[in-house]
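A.B. asks: Fold the following, please.
(chains A, B, C and D)
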Number of protein chains: 2
Amino acid sequence: MRTTFDRTRGTDLADVRRENLHRVLEVVRTEPGSSQNDISARTGLGVAAVSSLVNELLDAEVLEEAESSAPQGRGRPKRAVRLSGRWADVVGVSITRTLITARASALSGAPIGAASQSFSAPPTPDEAMDAAARLIAAAVGDAGRGSRGPRIVVAVPGAWASTGFGGIELDWQHVDFSPLSRALIDRGLPEPLVGNDGSLATFVEGREGAAADFSNAVVLFLGRGLGGSAVIDDALLRGAATAPGFGHTSLDPDGALCACGQRGCAELTVSLTQFAAKLEETDDLDGSQPAEYARRLAERAGDGEPRVLDVLAEAQATLAHLGAIVVSLLNPEIVVLSGPGAPLAPWLLPEAVGGMLPVPTARGRFDDDTAVLGALAAAQELFLSDPLDTRAGSPAEWS
Amino acid sequence: MRTTFDRTRGTDLADVRRENLHRVLEVVRTEPGSSQNDISARTGLGVAAVSSLVNELLDAEVLEEAESSAPQGRGRPKRAVRLSGRWADVVGVSITRTLITARASALSGAPIGAASQSFSAPPTPDEAMDAAARLIAAAVGDAGRGSRGPRIVVAVPGAWASTGFGGIELDWQHVDFSPLSRALIDRGLPEPLVGNDGSLATFVEGREGAAADFSNAVVLFLGRGLGGSAVIDDALLRGAATAPGFGHTSLDPDGALCACGQRGCAELTVSLTQFAAKLEETDDLDGSQPAEYARRLAERAGDGEPRVLDVLAEAQATLAHLGAIVVSLLNPEIVVLSGPGAPLAPWLLPEAVGGMLPVPTARGRFDDDTAVLGALAAAQELFLSDPLDTRAGSPAEWS
DNA sequence: TGTATTATTTTCAGAGCCAGAAATAAAGTC
DNA sequence: GACTTTATTTCTGGCTCTGAAAATAATACA
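C.D. replies: Numbering: from 1, shown residues only, chains lettered A, B, ... in the order given. Sure thing, here's the model as predicted:
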């Protein structure tokens, strides 16, 4: 626990301003149509400060006026505000072995543009970055602010190591993302932040999905692999993005050898890839999007197809064990099965997981869109946390 | 992930001041004898601000002047400062089934007083709180500041649940700590903060122990049970205090039934209690302090006693499995075996744990003192984070 | 001994931020 | 139309930082 810092710049008035701008925006995000008085009450800031803060945000077109929904009573009417719906301020990107998607939204969440490209063979890092830069530019179109670029977050199935980004699913190792940064800068866009898909899924499930009402949650991200992270005390578990994650938790030291080098990893029985490998003569998962495959599987399970039920039962047992471990370590209030595999939740999630601490479970809300929505939510959070910053985003891992 | 807040008070200038006071103290703590110029360089604050901050801390007797160690060169000499060694500002307490210890220190870490009481039978909550209050008052003696009481942190082998504090080792359930608060208030002392021993051990190992040089670490606390927590991005993993912890991680769903209700918990093979139960005809652990027992065990292992080696080898296998799981979830740079059981590290820690991510390991530094030193370190951190606060501490869990 | 040199700390504007109070604005009510 | 009510803005004051200048306290050298 290094606690020293060198020249990080002391805290000063500007930090106070930034923090309070963030608080104001957080209130407006969760309660669009708030008035300055409302904001003052929710944040604890005085009305004078809120007036100054809100007007600055209106001037910067981070906020815009909204028609007040509440019926007009006595007295001067409220001036309701909401997050701006005008500019392409946030961009979320998802990279997988079959599809790269970019979505641009306004701060309000209003969609601005989207673009995607599918791949018959998993893209190399260069191919992926090239495509991503093009798709991002297409999604943003001409809706970007002149002065300031959008916040861009890219979700990738992989994790950071000291040598770079790598992942088993894409078979990338030691990948350096600076070509993506350069390609974006060439197009006049700021540098992106790259994060793990499971962590970003956890963020969006926690922020506006199945775990929104809880301060502590574990989110399992079931796609081609198995990932996820946790929310602890209302904050995303950091550092988890750099770890192999839930999928490569070794549950049985004498189990089958996994591609990661360990034995008995959870992913060997819980992942859409493994389901397909066990059920189909031809591995037809890559012929369809993961959520589509998961939905088909759910149908077949619903029809009672025995082999499907067997495979899911095996996965369920693994998940129960993994759940018990994670619950005993992190003590969540809820465990969420998120990602493309969420439609299989009825077969994979027992009503409660964990032995010592039984915990309720829920199905994720976003299925195939989870990763890209996670990236969008993260990009929005980045914007809102420093809404008047005009610097380009610096490249960094996100959570 | 609840992100709303009601009336938490906006950020203001006072927060800036508090934060900067904390930064100054953090520099002085890690480098006693720093001058104002040094502090300015390390914190990024201007010299004018540092002058004001340091003088305020000197006035409050949080800092004191130190003789400068550097040889006097040209120019005006530095005014070296260090943390005050005068007052009993921090108190750490450890409660176990055989011993309650309280230690009072100055902010500098200089010991002020200590008191302890041993128990032949595990104390009830009332007995423990009664003794703790008495021992704390004795340790502080007349070295307390008149105006402001010390920060008091109590380490207990147990965890918080919604209903209160509980732990298997002490057989406490739903324990409410308000009697301890009242007993302390009656003696003119502020309310204590109660935390899990494994979390506090992690804090002190991370702050000044075996994990001091790492930003990410896992600490296993081996005592009568098995606990611990993690440091992630230089911060203690919060929320872990409320979880059953490492000891009750179910490694084998078909394993032996544990007192916690799960099967195959790590603690069933890795804990001093279990070692004693397996090795001795009479469970003689409670006849001695845990670290003493661990040292004897280490000697017997060093002498090659076969049964001891067998038990430790079994424990080692369990730890390797637990380590692999924890490493894949939290990605530490080091795994530390801390607590009274640390002397057994040579037999319990393989050179590297984890399959996918081999991670170096280390022995904890504090043995039997780990819990009380963790509590002391936490109390110091509480003081330093708000050094001019005059309110009494509010009761809260301290993870 | 006296003066120059040097490093450190303190003092002095200046600007930014929030709180609280007063002033202003915009509606409804009598 | 005057009054009441509610919302927002303006104004004053206190606090905190920064940057520059001044003061301080020691050594080095003539």
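
A.B. asks: what about the helices in the stretch 151-300 of chain A?
C.D. replies: For the stretch 151-300 of chain A, helices defined by DSSP state H, counting those that start in this stretch occupy the ranges A:178-186, A:197-208, A:272-279, A:290-302.

A.B. asks: which helix of chain A spans the most residues?
C.D. replies: Looking across chain A with DSSP state H, the single longest helix is helix A:306-330.

A.B. asks: now for the following helix or strand past it, which elements pack on it?
C.D. replies: Heading C-terminal from helix A:306-330, the first helix or strand you meet, by DSSP states H and E, is strand A:334-338. Other elements packing on strand A:334-338 under the criterion 3 or more CB pairs under 8 Å, 6 or more residues apart in numbering or on different chains; DSSP states H and E are helix A:197-208, strand A:217-222, helix A:306-330, strand A:359-363. For glycine as for every other residue, the C-beta is placed from the backbone atoms N, C-alpha and C.

A.B. asks: at 6 Å instead, please
C.D. replies: helix A:197-208, strand A:217-222, strand A:359-363 (3 or more CB pairs under 6 Å, 6 or more residues apart in numbering or on different chains; DSSP states H and E).

A.B. asks: low pLDDT regions in the stretch 1-150 of chain A?
C.D. replies: Low-confidence segments of the stretch 1-150 of chain A (pLDDT under 70): A:7.

A.B. asks: In it, what residue lies closest to DNA strand D?
C.D. replies: residue A:75 (2.0 Å; CB to the nearest atom of the strand).

A.B. asks: Helix, strand, or coil at that residue?
C.D. replies: Look at residue A:75: counting by DSSP: H, G, I helix; E, B strand; the rest coil, its state is coil.

A.B. asks: ok, back up a step: need the winner for burial among the helices and strands packed on strand A:334-338.
C.D. replies: Mean neighbours per residue, mean count of other CB atoms under 10 Å in any protein chain shown, is largest over the helices and strands packed on strand A:334-338 for strand A:217-222, with a mean of 32.

A.B. asks: Partner strands of that strand, with direction?
C.D. replies: Strand A:217-222 has the following sheet partners, assigned by DSSP bridges: strand A:226-232 (antiparallel), strand A:334-338 (parallel).

A.B. asks: What residues sit buried inside stretch A:114-126?
C.D. replies: Going by neighbour count (16 or more other CB atoms under 10 Å in any protein chain shown), the buried part of stretch A:114-126 is A:114-117, A:119, A:122-123, A:125.

A.B. asks: what does that stretch rub up against?
C.D. replies: The contact list for stretch A:114-126, computed with CB atoms under 6 Å, 6 or more residues apart in numbering or on different chains, reads A:97-103, A:131, A:135, A:138-139, A:170, A:172, A:175.

A.B. asks: could I get it in PDB with only the CA atoms?
C.D. replies: Output of stretch A:114-126 as PDB, limited to C-alpha atoms (Å, rounded to 0.1, in the frame of the first residue of the first chain):
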ATOM      1  CA  ALA A 114     -24.100   3.600 -34.200                       C
ATOM      2  CA  ALA A 115     -21.900   1.600 -36.500                       C
ATOM      3  CA  SER A 116     -20.700  -2.000 -36.500                       C
ATOM      4  CA  GLN A 117     -18.700  -4.400 -38.500                       C
ATOM      5  CA  SER A 118     -18.700  -8.200 -38.300                       C
ATOM      6  CA  PHE A 119     -15.800 -10.600 -38.700                       C
ATOM      7  CA  SER A 120     -15.900 -14.100 -39.900                       C
ATOM      8  CA  ALA A 121     -12.500 -14.700 -38.300                       C
ATOM      9  CA  PRO A 122     -11.400 -13.100 -35.000                       C
ATOM     10  CA  PRO A 123      -9.800  -9.800 -35.800                       C
ATOM     11  CA  THR A 124      -6.100  -9.200 -35.200                       C
ATOM     12  CA  PRO A 125      -5.400  -6.300 -32.900                       C
ATOM     13  CA  ASP A 126      -4.500  -4.100 -35.900                       C
END
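
A.B. asks: in the stretch 251-399 of chain A, which ranges drop under the pLDDT threshold?
C.D. replies: In the predicted model, the stretch 251-399 of chain A carries pLDDT under 70 at residues A:281-284, A:286, A:351-357, A:390-399.

A.B. asks: repeat that for 50
C.D. replies: Along the stretch 251-399 of chain A, the model assigns pLDDT under 50 to residues A:392-399.

A.B. asks: Which residues of it lie near chain B?
C.D. replies: Contact residues, the stretch 251-399 of chain A versus chain B (CB under 6 Å from any CB of the partner chain): A:253, A:260-262, A:321, A:324-325, A:328-331, A:355-356.

A.B. asks: Top of those residues by number of neighbours, please.
C.D. replies: residue A:325 (28 neighbours; other CB atoms under 10 Å in any protein chain shown).

A.B. asks: Run through the residues that contact the closest residue to it other than its chain neighbours.
C.D. replies: Nearest non-adjacent residue to residue A:325, counting by CB to CB, 6 or more residues apart in numbering or on different chains: residue B:249, 5.3 Å away. Residues near residue B:249 by CB under 6 Å, 6+ apart: A:325, A:328, B:266.

A.B. asks: Residue B:322 is in contact with the last one, correct?
C.D. replies: Translated: residue B:266. Yes - Residue B:266 is within contact range of residue B:322, at 4.9 Å (criterion: CB atoms under 6 Å).

A.B. asks: any idea what residue A:64 is structurally, helix, strand or coil?
C.D. replies: With three-state DSSP as the basis, the three-state label of residue A:64 is strand.

A.B. asks: Closest one of the buried residues of stretch A:114-126 to DNA strand C?
C.D. replies: Comparing these against DNA strand C with CB to the nearest atom of the strand places residue A:114 closest, at 36.2 Å.

A.B. asks: Could you confirm the closest one falls within a helix?
C.D. replies: No - per three-state DSSP, residue A:114 lies outside any helix segment and is strand.
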